[in-house]
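>>> coordinates only, sequence not included:
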């Protein structure tokens, strides 16, 4: 599935290379959760004094039904490292949400099986009761 993506770059010139890296990372999100409905990535170069070097902040927001996963990462000098770290963290959180979802579905299925077993037992008891009348 194609994940709807919004990319925002602040206080820095547009970068096709960064956008391509973001698109590749976003395309892999479906591997971690089957129902990703959207992703918003903000890359911001922090305003600092020239002698302190460059500092980048990355914010990744991933939307799945019932959850919004938000990850913030900072890195000096290299926005690609911050991007990698942010998407790795988002992937781990998506996996956790998917596992919770799978566990909940399994519990619901077990409950349905138990309900069906209980219904059968009640029918059996009712038949036995009616036979003894």
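Cool, got the structure. Everything numeric here is computed off the predicted structure, so don't read it as measured data.
>>> from here on, contacts and neighbour counts on C-alpha atoms
Fine.
>>> now do the contacts for the residue nearest in space to the middle of the chain.
Centre of the chain computed as the mean C-alpha position; nearest residue by Cα atoms, centre = their mean is residue 94, 3.2 Å away. Residues in contact with residue 94 (Cα atoms under 8 Å, 6 or more residues apart in numbering) are 29, 32, 33, 69.
>>> now do the same for the first one: its pLDDT.
Note for residue 29: predicted pLDDT of 88.
>>> right, and residue 43 touches residue 14 too?
No: the criterion here is Cα atoms under 8 Å, and residue 43 misses it with residue 14 at 10.2 Å.
>>> quick one: which of those two has more around it?
Set residue 43 next to residue 14 and count neighbours by other Cα atoms under 10 Å: residue 43 wins out with 24 against 11.
>>> low-scoring stretches of this structure, by residue?
1-2, 48-52, 101-115, 117, 129, 133 (pLDDT under 70).
>>> ranges for the strands of it?
With DSSP state E as the criterion, the chain has strands at 5-10, 38-45, 55-64, 67-76.
>>> partners of the third one, with directions?
Strands adjacent to strand 55-64 in the sheet, as given by DSSP bridges, are strand 38-45 (antiparallel), strand 67-76 (antiparallel).
>>> among the ones you listed, show me which one is buried the most.
Compared across the strands paired with strand 55-64, strand 38-45 shows the largest average neighbour count, a mean of 20 (mean count of other Cα atoms under 10 Å).
>>> what does that one rub up against?
3-12, 22, 26, 54-64, 79.
>>> hmm, try it at 7 Å
3-12, 54-63 (Cα atoms under 7 Å, 6 or more residues apart in numbering).
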